[in-house]
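1. Sequence first, then the predicted structure:
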Amino acid sequence: MVHLDGIKAVIFDFDGLMVESESIAYQVWCEVLGQYGKNFTEEIYHNVIGRGPLESVEYLIEVLGLPLAPQELLETYWSARTERVCRDVSPAPGLLDLMQFLADRNLVLGVASNSPSRYVIEVLEVMGLAVYFGCVRCREDVVQGKPAADVYLAAAACLKVGHERCLALEDSPIGLQAALNAGMRCLVVPNEDLEGEDFSGAEGRFNSLREVLAALS
């Protein structure tokens, strides 16, 4: 069991945890990079999961030798991804029940994401979930993205809750490290593409948000 004693806020990662958007992300990258005659391999995809938007495009430009400015690739990709996710995505199984459970216990909820805020907020609004969250903090809101602690500490400050009273929920080792760097407890529901990665330091590892809910007390 995972005890919530002393916890006042729960801060969620977004992609791969709240929404099953990673397969969409992969498809969009394949389409965008295909326009330039480049292949988006599974190895490259694995290396961008959890990175911030700018870090991801800078990595891709370097490893694929793309003749593009980072901002150009950033805008092209996130415009296409936002449109696709808003059209096709749905909340991860168990998310709504988990959020209601936490809200019923007067815990405040936040989002800490390495994705752009415009994208995160738009998808939350499309799914009707924005009203649940007292704060959304994303990569452009902080100096350093995950695995640095910045975005989690920013979300906690926005919620007016000390980091030691926050529980983080993550799906990637990069995100887990960010939560731990912020001094927070963290539960993980590993992204299916990261099952074999090191999640040392997590308080609990689960197969779904439904399992997280069943473990809380």
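-> Thanks, I have it. Numbering: from 1, shown residues only.
2. Every contact and neighbour count from this point should use C-alpha atoms.
-> OK.
3. Would you mind measuring the gap between the ends of stretch 103-117?
-> Using C-alpha to C-alpha, to the nearest Å, the end-to-end distance of stretch 103-117 comes to 23 Å.
4. Could you check how far it is from the centre of its chain?
-> With C-alpha atoms, centre = their mean, to the nearest Å as the basis, stretch 103-117 stands 11 Å off its chain's centre.
5. can you pull the buried residues of it?
-> Neighbour-count burial for stretch 103-117, counted by 16 or more other C-alpha atoms under 10 Å, picks out 103, 107-117.
6. List the neighbours of stretch 172-181 that are in contact with it.
-> By C-alpha atoms under 8 Å, 6 or more residues apart in numbering, the residues outside stretch 172-181 that reach it are 13, 49-51, 146-150, 152, 168, 170, 185-186, 188, 190-191, 194, 197-199, 201-202.
7. Show me which of those residues are buried.
-> Of the contacts of stretch 172-181, these count as buried by 16+ other C-alpha under 10 Å: 13, 49-51, 146-150, 152, 168, 170, 185-186, 188, 190-191, 199, 202.
8. Helices - which of the buried residues of stretch 103-117 land there?
-> 103, 117 (DSSP state H).
9. And the buried residues of stretch 103-117, which is closest to residue 39?
-> Set against residue 39, the nearest of those by C-alpha to C-alpha is residue 115 (22.6 Å).
10. returning to that earlier point: can I get the buried residues of stretch 103-117 in a markdown table including pLDDT?
-> Converted to a markdown table, these look like this (pLDDT from 0 to 100):
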| residue | pLDDT |
| --- | --- |
| 103 | 94 |
| 107 | 97 |
| 108 | 98 |
| 109 | 98 |
| 110 | 98 |
| 111 | 98 |
| 112 | 98 |
| 113 | 96 |
| 114 | 93 |
| 115 | 92 |
| 116 | 93 |
| 117 | 94 |
